[in-house]
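[1] sequence first, predicted model second:
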2 protein chains.
Amino acid sequence: MTETTTLRRGEARERLLDLAERTVLDKGFGATSIDELIAGVGITKSAFFYHFKDKNALAQALIERYLENDAAILDQLFARGDELSDDPLQGFLIGLKLFAETLADLPQAHPGCLAASFVYQEQLFSADVRALARAGAVRWRARFRARFEAIAARRPPRIPVDIETLADMATAIVDGGITLGKSMKDPSILPAQVLHFRNYVRLLFDDV
Amino acid sequence: MTETTTLRRGEARERLLDLAERTVLDKGFGATSIDELIAGVGITKSAFFYHFKDKNALAQALIERYLENDAAILDQLFARGDELSDDPLQGFLIGLKLFAETLADLPQAHPGCLAASFVYQEQLFSADVRALARAGAVRWRARFRARFEAIAARRPPRIPVDIETLADMATAIVDGGITLGKSMKDPSILPAQVLHFRNYVRLLFDDV
DNA sequence: GCCGCTCCTATACCATAGGTACAGTTGTAC
DNA sequence: GTACAACTGTACCTATGGTATAGGAGCGGC
């Protein structure tokens, strides 16, 4: 039997990241101790520092995973929206609705946004981690900016708006919705806010 | 001379709070050590624990001060808006513009929202502190909800919206704008987001 | 004028957590 | 069967939050 009662060789790093992500989203990064992580996974402190040179490196790995995952989800949702409509505006509105539904269906409370959570503890992290969080925001900006440019090319907005800050509004409303939802312990807040953003886009570009 | 070269009697607590607020908004609560605070104010550790039973009590005092201050500022701005127009919608839109201008004029970057910052480090804080942060959000909700009810009573929104989540959008957009602004190191983001919220309100209730 | 109270200082000590150093062990691929 | 990746074990250091306890300095009230 190659299988042991504990861990397969090489499995530790992966399980560390899984447990760390759950714990950090639940308790916050500062409140997550290395000791509890290694106890949970069943490895030693030496093993932790073998995989990650310090706690910062763990944060970096976490945020990288997180950003990849969330980009994949958004790609999928908005691709589906565009499948269902040829119009860039209508496809986007469908995508936003799917996004709100996805957020609403998430297992109790939303996962919280790792990137946003790290911004608030800036000095705990190295410049690399902060740069990664910023890169995440830049990707969101680029994604939504491109879409709004395509929409505005077809028909101008009802009132003049700046496309870049409108794109940023997606990021802001999601971060703000997560924060408020966490604070109020109400998971319905985030999807509701996304739908308000959707309303704003409709009122700007659609015939309402 | 009753004045010493260092501190007047009873001044320590006040100066501790001032320094703590500046430091926490700059570096985050977790990254702010008691040692650096007492060194900055020029008192001993014993003095700190005389005034605050633990770091949590400091957080509590900080957030109480912060919430009072921000309520006073909003009261003033929207009162001024109502002075300039008798219509609840127009008064509100003026108030929002004043708010955006106030945020834009703040000394380099915005102060960051203490309440939001504390939400992300939940487990670092006691239930009391979390309840205070939640109370802050509840006050914002009540404030904006009352206003939107007054506005909707005069004329219905162009598309049906839930008033409570619309009120929450103010909180969400400000929190999200602060977070994004911090992440991108761009102080212009927050006021721009407030103006987008204002646009949304205009499109909902005004003739545009 | 001294009593008692608030507002501190001084000293010592403790536990937890992040982190370092380094020597040794084991599974697996080649 | 050996070399390397992936660990274990032990020991130790530092910063930080926090506790305990004794005592001093100014000040208002009686």
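    All right, it came through fine.
[2] anything in the longest helix along chain A near DNA strand C?
    Taking DSSP state H as the criterion, chain A has its longest helix at helix A:55-84. Yes. Residues of helix A:55-84 contacting DNA strand C under C-beta under 7 Å from any atom of the strand: A:55-56. Heads up, the C-betas are built off the backbone N, CA and C, glycines and all.
[3] so what does that helix touch, helix or strand wise?
    helix A:12-27, helix A:88-105, helix A:114-119, helix A:127-154 (3 or more C-beta pairs under 8 Å, 6 or more residues apart in numbering or on different chains; DSSP states H and E).
[4] let's see that with 10 Å instead.
    helix A:12-27, helix A:34-41, helix A:45-51, helix A:88-105, helix A:114-119, helix A:127-154 (3 or more C-beta pairs under 10 Å, 6 or more residues apart in numbering or on different chains; DSSP states H and E).
[5] if I look at the nearest residue in space to residue A:30 that is not next to it in sequence, what pLDDT would I see?
    Nearest non-adjacent residue to residue A:30, counting by C-beta to C-beta, 6 or more residues apart in numbering or on different chains: residue B:30, 4.3 Å away. Note on residue B:30: pLDDT of 84.
[6] state the phi and psi torsions of residue B:30.
    Per-residue torsions, residue B:30: phi -60, psi -30 (degrees, to the nearest 10).
[7] residue A:51 reaches residue A:16, doesn't it?
    Yes. With contact defined as C-beta atoms under 10 Å, residue A:51 and residue A:16 form a contacting pair (6.5 Å).
[8] now the common contact residues for the two.
    Listed contacts common to residue A:51 and residue A:16 are A:43, A:58, A:61; contacts here mean C-beta atoms under 10 Å, 6 or more residues apart in numbering or on different chains.
[9] how is chain A partitioned into domains?
    As given by automatic domain parsing, the domain ranges for chain A are A:1-51, A:54-205.
[10] output the set of residues of chain A in proximity to DNA strand C.
    A:2, A:8-9, A:32-35, A:45-46, A:49, A:53-56.
[11] now do the SS call for residue A:195.
    Assigned with DSSP: H, G, I helix; E, B strand; the rest coil, residue A:195 falls in the helix class.
[12] returning to what we had before: relative to residue B:205, which of the helices and strands packed on helix A:55-84 is closest?
    For residue B:205, the closest of the helices and strands packed on helix A:55-84 is helix A:88-105, at 21.2 Å, according to C-beta to C-beta.
[13] how far does the least confident helix or strand in chain A by mean pLDDT sit from its chain's centre?
    Lowest by mean pLDDT, DSSP states H and E among the helices and strands of chain A is helix A:114-119, with a mean of 73. Its chain's C-alpha centre lies 9 Å from the corresponding centre of helix A:114-119 when counted by C-alpha atoms, centre = their mean, to the nearest Å.
[14] mind listing what's buried along that helix?
    A:114-119 (16 or more other C-beta atoms under 10 Å in any protein chain shown).
[15] so where's chain A shaky on pLDDT?
    Counting by pLDDT under 70, chain A has low-confidence residues at A:1-7, A:107-112, A:120-124.
[16] which residue does it have closest to chain B?
    Relative to chain B, the nearest point of chain A is residue A:176 (2.9 Å; C-beta to the nearest C-beta).
[17] how close does that residue get to DNA strand D?
    For residue A:176, the distance to DNA strand D (C-beta to the nearest atom of the strand, to the nearest Å) stands at 28 Å.
[18] now that residue: which helix or strand?
    Under the criterion of DSSP states H and E, residue A:176 resides in helix A:163-184.
[19] using CSV, write out every CA atom in that helix.
    Taking Å, rounded to 0.1, in the frame of the first residue of the first chain, the C-alpha atoms of helix A:163-184 are listed here in CSV:
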residue,chain,number,x,y,z
ILE,A,163,-16.1,54.9,-18.9
GLU,A,164,-13.1,54.1,-16.7
THR,A,165,-14.7,55.1,-13.5
LEU,A,166,-17.9,53.3,-14.6
ALA,A,167,-15.8,50.2,-15.0
ASP,A,168,-14.3,50.7,-11.6
MET,A,169,-17.8,50.9,-10.2
ALA,A,170,-18.2,47.2,-10.7
THR,A,171,-15.2,46.5,-8.5
ALA,A,172,-16.3,49.1,-5.9
ILE,A,173,-19.8,47.8,-5.7
VAL,A,174,-18.7,44.2,-5.3
ASP,A,175,-16.1,45.0,-2.6
GLY,A,176,-18.5,47.3,-0.9
GLY,A,177,-21.3,44.8,-1.1
ILE,A,178,-19.1,42.1,0.4
THR,A,179,-17.9,44.4,3.2
LEU,A,180,-21.4,45.5,4.1
GLY,A,181,-22.8,42.0,3.8
LYS,A,182,-20.1,40.8,6.2
SER,A,183,-20.8,43.6,8.6
MET,A,184,-24.5,43.1,8.6
